[in-house]
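1. fold the following and give me the result.
(2 chains)
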2 protein chains.
Amino acid sequence: MGIQLETSVCGLFQIRYPIFLAGMAGGPSTVKLTAAVSAAGGLGTLGAAYMEPAAIRKAIQEIRELTDLPFAVNLFAIEVRDDNTRIGEAQQQLNLLRDKLGIPHAEDGPVLTPNLFREQLAVLLEEKVPVISTAFGVLPPEYMGQAKSAGLRVITMVTTVEEAVLAEQSGCDAVVAQGSEAGGHRGTFDVSQHPSGANIGTFALVPQIVDRVGVPVIAAGGIMDGRGVAAALALGAQGVQMGTRFLTAVESGAHASYQQALLASTEESTVITKVFSGRPARGIRNDFIAQWDAGGLEPLPFPTQNTATRDIRNAAQRGSNAQYMSLWAGQGTRMLTSGQKAADIVAETVRQALAILS
Amino acid sequence: MGIQLETSVCGLFQIRYPIFLAGMAGGPSTVKLTAAVSAAGGLGTLGAAYMEPAAIRKAIQEIRELTDLPFAVNLFAIEVRDDNTRIGEAQQQLNLLRDKLGIPHAEDGPVLTPNLFREQLAVLLEEKVPVISTAFGVLPPEYMGQAKSAGLRVITMVTTVEEAVLAEQSGCDAVVAQGSEAGGHRGTFDVSQHPSGANIGTFALVPQIVDRVGVPVIAAGGIMDGRGVAAALALGAQGVQMGTRFLTAVESGAHASYQQALLASTEESTVITKVFSGRPARGIRNDFIAQWDAGGLEPLPFPTQNTATRDIRNAAQRGSNAQYMSLWAGQGTRMLTSGQKAADIVAETVRQALAILS
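-> You can find the predicted model right below:
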């Protein structure tokens, strides 16, 4: 078609193919997966939102030992503050889940979450990571200025046209338009305005953002193969971000039972829920979600719900019990493959896209 | 790209372009709009679900006076049965809305909805309409047999892979894969299983259905222009169904204040609600939805809720009060145009798609 696979973002981010790895915080994101996607010609992304600054620095150095090519590090661009006003009733609910797993009840008292954002960001600037990507908001002006003067690129994930305009005004180099099909956290900036996140389908979201901003738009949500890449470019996107497809890659850090749940799931398996973190995110419906919802209690705000549920999710991982893990997944899981290396996924996706585009 | 605009559905349905008008029951669907889309090379569709059999017969004859080209008539493929078990409390809620409009309260007693489906279907078969399309389910076997032996084509709208497989097994010639972006009623077969409808984004739904069925897949949901057509074909669809884009066409029957609400809306304006009909449908959030939801009452099942709310929606139309109409709309309304003839919308969409595909 009148469209090439090599788009403006290839030059902008110094990559061969306009394929971006989603920043998957928690288990799935590994140094090896990040480096593998970059080495294959895409842009790998380390999902570092929950990582200690020292661990991020170490990971960045390990990525650089594996590849000389550009990569991104993704953070949640918010100052976290715990809200413990309802912690007692929340812990009561969570203790019912702890009983199911046979782990100790929570100790009384408030939940405390360290506010790491500015320290994490300082590491990214000191290490001069080629690309900083953010979810939940834009980089604060002073950091955007430092990133730009250091020659770093900045990407912001958005879920509405209004957020895309705000991101462009903040000075970012590109926006990721996250459609409702996407797995994991909704990138929505203001969840008080959108309690379940803004959930606009990729087909509707991408062209409406392309029509309103001047920076390149990277499409995300339901893109699992070369058909999705070609379709995203047809809608006016300059690239794609894929997360779910890489969860079952050889280099993925997703727990084996999480990967089994993904491969057994269908387009009907996921829901958008706040029960794991306090922010809306798409994952496979499981016992954790069903049991919390049965209690009828509103989850605590992010990050308090996330911190309060961590011991349960960790115990579920130790016990290989997918029913109590957060099984983040998009709506395209029938298109997942098993046992492929990230490099093979990128190559296969590129081949398929080129066959359609040529 | 390695893709042509002229696809298998062009031969199958004897149309020039693989562009299908959605069957928009109620006001929007008119004889003129249906005929105009067919005359422009697409497949016009009369949304006849709520029409009396005699009115359908008259409309079919009028369409044939306007064009010799093929067209479709869309029905809801279900036997309706009223459920009046909660009619009293529902009418109490609705009377609050009637007070806002200054119209009489509902009379006591049950709501009665005529079960027109088989009579409507009989007219379609007698009139030998070129294409029968259905929502909410498939044609009953005996009617499918009659349609096929009469040389008529049958299209079924689906919202999941499982529904697509059922539709193919029923013998339909093509399926419309309705993504969550779509405006109006969700085509979901079993709403007891999916109370809010199955809401899979177009980007994820289309390729997963293409991978599972042999019949052509027509993509729907968020497709507003030639970019959407090219993207749908890239995903493996053989055509597109567009509804919202034609709501503001010159030939649209949508009320002027409904059209104004559409043109003033954004991708954030719609919700999926059961308050108007009892079945989940996507429309622009307005006072009717807000006031019913504030009451906290579960809507009655379809069609009882639909029949019970009709006097309110009709009064809102007479008073040009968009706050109490059902403002069905998809998530792509920023891409709407004003004052275009349907033929110009088809021509512009085709030009744009060809520019991308060539």
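
2. what about the helices in the stretch 101-250 of chain A?
-> A:117-126, A:141-149, A:161-170, A:202-210, A:226-234 (DSSP state H, counting those that start in this stretch).

3. to A:Q193, which of those helices lies closest?
-> Closest of these to A:Q193 is helix A:161-170, at 9.7 Å (criterion: Cβ to Cβ). Just so you know, the C-beta spots here come from the backbone N, C-alpha and C atoms, and that holds for glycine as well.

4. got the angle between that closest one and helix A:141-149?
-> On the basis of axes from the mean of the first three to the mean of the last three Cα atoms, to 10 degrees, helix A:161-170 is oriented at 60 degrees to helix A:141-149.

5. packing partners of helix A:161-170?
-> Judged by 3 or more Cβ pairs under 8 Å, 6 or more residues apart in numbering or on different chains; DSSP states H and E, helix A:161-170 is in contact with strand A:153-158, strand A:174-178, helix A:202-210.

6. for that helix, the distance to its chain's centre please.
-> 19 Å (Cα atoms, centre = their mean, to the nearest Å).

7. in that helix, what counts as buried?
-> A:V161, A:E162, A:E163, A:A164, A:L166, A:A167, A:E168, A:S170 (16 or more other Cβ atoms under 10 Å in any protein chain shown).

8. turn the residues you listed into CSV, including pLDDT and distance to B:A342.
-> Formatted as CSV, the buried residues of helix A:161-170 follow (pLDDT from 0 to 100; distance: Cβ to Cβ, whole Å):
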residue, pLDDT, distance to B:A342
A:V161, 98, 27
A:E162, 98, 31
A:E163, 98, 34
A:A164, 98, 31
A:L166, 98, 36
A:A167, 98, 36
A:E168, 98, 35
A:S170, 98, 41
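
9. and which of these is nearest to chain B?
-> Closest approach between the buried residues of helix A:161-170 and chain B, by Cβ to the nearest Cβ: A:V161, at 6.1 Å.

10. just list the residues touching the closest one, thanks.
-> Going by Cβ atoms under 8 Å, 6 or more residues apart in numbering or on different chains, A:V161 touches A:L205, A:Q208, A:I209, A:R212, B:T266, B:E267, B:R334.

11. does the fifth one touch B:G332 like I think?
-> It stands for B:T266. No. Using Cβ atoms under 8 Å, B:T266 makes no contact with B:G332, being 10.1 Å away.

12. contacts only, for the closest residue to A:I155 other than its chain neighbours.
-> Distances taken as Cβ to Cβ, 6 or more residues apart in numbering or on different chains put A:S133 closest to A:I155, at 4.0 Å, once the chain neighbours are dropped. By Cβ under 8 Å, 6+ apart, A:S133 lies in contact with A:G23, A:T45, A:A72, A:V73, A:N74, A:L75, A:V154, A:I155, A:T156, A:M157, A:V176.

13. closest to chain B among the residues you listed?
-> Distances from chain B to those, taken by Cβ to the nearest Cβ, are shortest for A:V176, at 14.2 Å.

14. okay, that closest one: pLDDT?
-> For A:V176, the pLDDT comes out at 98.

15. dig out what it forms beta bridges with.
-> Note on A:V176: beta-bridge partners by DSSP bridges are A:M157, A:I218.

16. what is the neighbour count of it?
-> A:V176: 32 surrounding residues under other Cβ atoms under 10 Å in any protein chain shown.

17. my read is that it contacts A:T156, right?
-> Yes. Between A:V176 and A:T156 there is a contact under Cβ under 8 Å: 7.2 Å.

18. B:T266 and B:G332: which is more packed in?
-> Legend: neighbour count by other Cβ under 10 Å for B:T266 and B:G332, higher for B:G332 (27 against 15).

19. residue contacts, whichever residue of the stretch 51-200 of chain A sits closest to chain B?
-> Chain B sits closest to A:E181 of the stretch 51-200 of chain A, with a gap of 3.6 Å, by Cβ to the nearest Cβ. Shown in contact with A:E181 (Cβ under 8 Å, 6+ apart): A:G201, A:T202, A:G221, A:G222, A:G330, A:Q331, A:G332, B:I200, B:G201, B:F203, B:A204.

20. what is the nearest of the buried residues of helix A:161-170 to B:W292?
-> When the buried residues of helix A:161-170 are compared for distance to B:W292 (Cβ to Cβ), A:E162 wins out at 27.3 Å.

21. and the residue nearest to A:I155, how far is that from A:G47?
-> Applying Cβ to Cβ, to the nearest Å, the value for A:S133 to A:G47 is 9 Å.

22. what do you get for A:G11?
-> From A:G11 to A:G47 the distance is 25 Å (Cβ to Cβ).

23. neighbour count: the two, which is higher?
-> Neighbours per residue (other Cβ under 10 Å) separate A:G11 from A:G47, with A:G47 holding more: 28 against 9.

24. so that one makes contact with A:T30?
-> No. With contacts defined as Cβ under 8 Å, A:G47 does not count as touching A:T30, sitting 9.3 Å away.

25. pLDDT weak spots in the stretch 201-350 of chain A?
-> The stretch 201-350 of chain A contains no residues with pLDDT under 70.

26. most packed of the helices of the stretch 101-250 of chain A?
-> helix A:202-210 (a mean of 31; mean count of other Cβ atoms under 10 Å in any protein chain shown).

27. which secondary structure elements does it sit against?
-> Counting contacts by 3+ Cβ pairs under 8 Å, 6+ apart, helix A:202-210 packs against helix A:161-170, strand A:174-178, strand A:217-220, helix B:202-210, helix B:226-234.

28. this completes my enquiry, with thanks.
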